[in-house]
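Participant: attaching a predicted model along with its sequence, questions to come.
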Amino acid sequence: MSFWMTDKRYFPLMASDVAIRLDLIVRLHGIEHAENYFNSVPKQLRGLKVYCALLECFAFCNYQKLDSLMHEMEEKGIPCSIHTYCTFLSAYAAQRNVDGIDNMLQKVQSGCNIALTWNFYSTAGDFYIKAGHFDKALTMLKKSEELCQGNSTAYNYLLTQYATLGKNEEVLRLWELYKTNTIVYNKGYMFIISSLLRLDDIESAEKIFDEWESQIPVTLKYDIRIPNLLLGAYSRKGLLEKFESFASRITLKGGKPDVRTWYYFATVLLQRNEMEKAVNAMKEALLISQPWWKPSDKSLAACLKYLKGKGDVDEAAKFINLLGDKDIISAEVQVKLLSYVKDGNVDSTLDGLLMLDGDALHESGEIHQTSEVDKDSVDCKPK
């Protein structure tokens with residue numbers, strides 16, 4: 001359609017058209033066709049926008065030509081933009097090219113008139129973290145922090161990055177700065193508590209929860225995802241008494257348990273071998289579950305093993321049918337499990353769902369603390 005519009009001379013060819021075409025061509029036909037098209041474009045159209053498009057093509061599938069294209073742009077006096085440098089940054093990161101990142105950062109920081117953004121440095125920090133260059137990562141996060149300017153998204157993301165580096169003191173320091181420079185909403189509390197729990201600093205997480213709770217309902221609305229973060233931590237550590245006390249506190253404050261609340265309750269009860277309560281809690285979770293949520297196969301296997309051992313075939317069948325109704329297990333697996341609890345027609349050395357293949361659950365998996373946090377999509381683009 002794009003070619004038809006210009007080839008038939010209905011519309012003049014613009015630089016933006018060329019950029020879009022390059023992206024389409026490289027995805028449909030490969031880098032060689034994209035280069036050939038670029039070379040056929042009139043020179044007067046080969047400005048920053050078109051070169052950036054070709055740069056992204058190389059970043060997409062031909063890293064080797066990135067540097068030569070950069071030199072060509074410099075020779076022709078085509079200035080780079082923040083988007084250009086971000087493309088290079090992402091490409092070097094994909095290659096795990098530490099030297100490339102180092103050289104590019106030195107270049108943009110020494111002789112560049114472009115206003116760099118917090119997420120540019122944050123992206124570089126991410127790369128250094130993954131590459132194991134933690135000192136360099138910390139330097140990048142500090143530079144990113146200087147450019148936050150009261151940006152909640154930036155603070156949220158940096159909290160997570162400092163936690164990934166294991167820097168508890170930096171997380172707490174940035175939190176104080178966050179509160180000083182901007183209004184903190186529920187999402188900010190989710191990020192700080194999640195970050196502290198990643199560092200196993202439950203005490204600090206509890207203090208910040210108290211701080212959040214004190215603002216309900218005056219300045220903030222109750223969000224069950226925030227106490228769920230602590231409930232998840234208590235569940236993983238098997239702290240049943242603390243879990244129950246905290247859950248009662250949530251109810252008194254008007255919080256309504258959701259699927260994760262019940263699931264965390266079930267898992268801590270399973271750890272303490274309080275099976276009847278665990279099965280009931282798991283049922284509560286299943287009854288209110290949505291398609292995006294799946295329990296772990298291990299926890300379901302424990303529930304099924306208990307129900308079978310208890311000898312209550314009807315209760316076990318209801319539990320299995322509930323799994324089927326929620327599309328947590330396939331119809332085939334449902335039939336096999338019903339046979340298992342009714343007739344025992346399964347290898348007795350295997351338990352519950354573990355007797356089946358690894359696909360017994362549709363996209364099964366434990367819920368982790370970080371899944372409570374709906375992270376902003378942060379990329380290396382100017383905001």
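Facilitator: Noted; the coordinates are in hand. Treat the numbers as computed from the prediction; the structure is a model and nothing was measured. Numbering: from 1, shown residues only.

Participant: can you mark which positions in stretch 150-163 are buried?
Facilitator: Neighbour-count burial for stretch 150-163, counted by 16 or more other Cβ atoms under 10 Å, picks out 151-163. The C-beta positions use only the backbone N, C-alpha and C, and glycine is treated the same way.

Participant: could you give the mean pLDDT of it?
Facilitator: Confidence for stretch 150-163, expressed as mean pLDDT, is 97.

Participant: now it - C-alpha only, CSV.
Facilitator: C-alpha atoms of stretch 150-163 as CSV (Å, rounded to 0.1, in the frame of the first residue of the first chain):
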residue,chain,number,x,y,z
GLY,A,150,10.3,14.4,40.4
ASN,A,151,9.3,11.6,37.8
SER,A,152,7.5,8.9,39.7
THR,A,153,8.1,6.3,37.0
ALA,A,154,11.9,7.0,37.2
TYR,A,155,11.9,6.6,41.0
ASN,A,156,9.9,3.4,40.8
TYR,A,157,12.2,1.9,38.3
LEU,A,158,15.4,3.0,40.1
LEU,A,159,14.1,1.5,43.3
THR,A,160,13.9,-1.9,41.5
GLN,A,161,17.4,-1.5,40.0
TYR,A,162,19.0,-0.6,43.3
ALA,A,163,17.3,-3.6,44.9
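
Participant: okay, buried residues for the helix or strand containing I193 please.
Facilitator: Element membership for I193 (DSSP states H and E) is helix 186-198. Neighbour-count burial for helix 186-198 flags 186-198 (criterion: 16+ other Cβ under 10 Å).

Participant: from the residues you listed, which is closest to D312?
Facilitator: When the buried residues of helix 186-198 are compared for distance to D312 (Cβ to Cβ), L197 wins out at 37.3 Å.

Participant: might one say that the closest one is in contact with A233?
Facilitator: Yes: in terms of Cβ atoms under 8 Å, L197 counts as a neighbour of A233; the distance is 5.0 Å.

Participant: now do the contacts for T164.
Facilitator: I129, R198 (Cβ atoms under 8 Å, 6 or more residues apart in numbering).

Participant: for it, give its distance to G132.
Facilitator: Going from T164 to G132 by Cβ to Cβ, to the nearest Å gives 12 Å.

Participant: packing partners of the helix or strand containing I20?
Facilitator: Element membership for I20, per DSSP H and E: helix 15-28. The contact analysis (3 or more Cβ pairs under 8 Å, 6 or more residues apart in numbering; DSSP states H and E) places helix 15-28 against helix 2-7, helix 31-40, helix 48-61.

Participant: any idea which of those helices is most buried?
Facilitator: Most buried of these, by mean neighbour count (mean count of other Cβ atoms under 10 Å): helix 48-61, with a mean of 20.

Participant: which elements pack onto it?
Facilitator: helix 15-28, helix 31-40, helix 66-75, helix 82-95.

Participant: would you mind finding the most buried of the ones you listed?
Facilitator: Most buried among the helices and strands packed on helix 48-61, counting by mean count of other Cβ under 10 Å: helix 82-95, with a mean of 20.

Participant: how far off centre is that helix?
Facilitator: The chain centre lies 20 Å from the centre of helix 82-95; the measure is Cα atoms, centre = their mean, to the nearest Å.

Participant: tell me the angle the helix or strand that that helix is followed by makes with helix 66-75.
Facilitator: As assigned by DSSP H and E, the chain's next helix or strand after helix 82-95 is helix 98-111. Put simply, helix 98-111 runs at 20 degrees to helix 66-75, going by axes from the mean of the first three to the mean of the last three Cα atoms, to 10 degrees.

Participant: residue ranges with poor pLDDT in the stretch 201-350 of the chain?
Facilitator: Judged by pLDDT under 70, the stretch 201-350 of the chain has its weakly predicted residues at 344-350.

Participant: between helix 186-198 and the strand or helix carrying L174, find me the angle.
Facilitator: According to DSSP H and E, L174 maps onto helix 168-181. Here helix 168-181 runs at an angle of 170 degrees relative to helix 186-198 (the same axes, to 10 degrees).

Participant: returning to that earlier point: and of the buried residues of helix 186-198, the nearest to Q271?
Facilitator: L197 (17.7 Å).

Participant: who's in contact with the closest one?
Facilitator: A205, L229, L230, G232, A233, Q369.

Participant: pull the contacting residues for L69.
Facilitator: L69 touches Y51, L54, L55, F58, counting by Cβ under 8 Å, 6+ apart.

Participant: could you redo the last one with a cut-off of 6 Å?
Facilitator: By Cβ atoms under 6 Å, 6 or more residues apart in numbering, L69 lies in contact with L55.

Participant: distance of it relative to L54?
Facilitator: 7 Å.

Participant: same check, this time on Q215
Facilitator: 51 Å.

Participant: before we move on, what about R27?
Facilitator: R27 is 14 Å from L54, by Cβ to Cβ.

Participant: so the nearest residue to Q271 once chain neighbours are set aside, which state does it fall into?
Facilitator: Leaving out its chain neighbours, the residue that sits closest to Q271 by Cβ to Cβ, 6 or more residues apart in numbering is G238, at 4.4 Å. What DSSP: H, G, I helix; E, B strand; the rest coil gives for G238 is coil.
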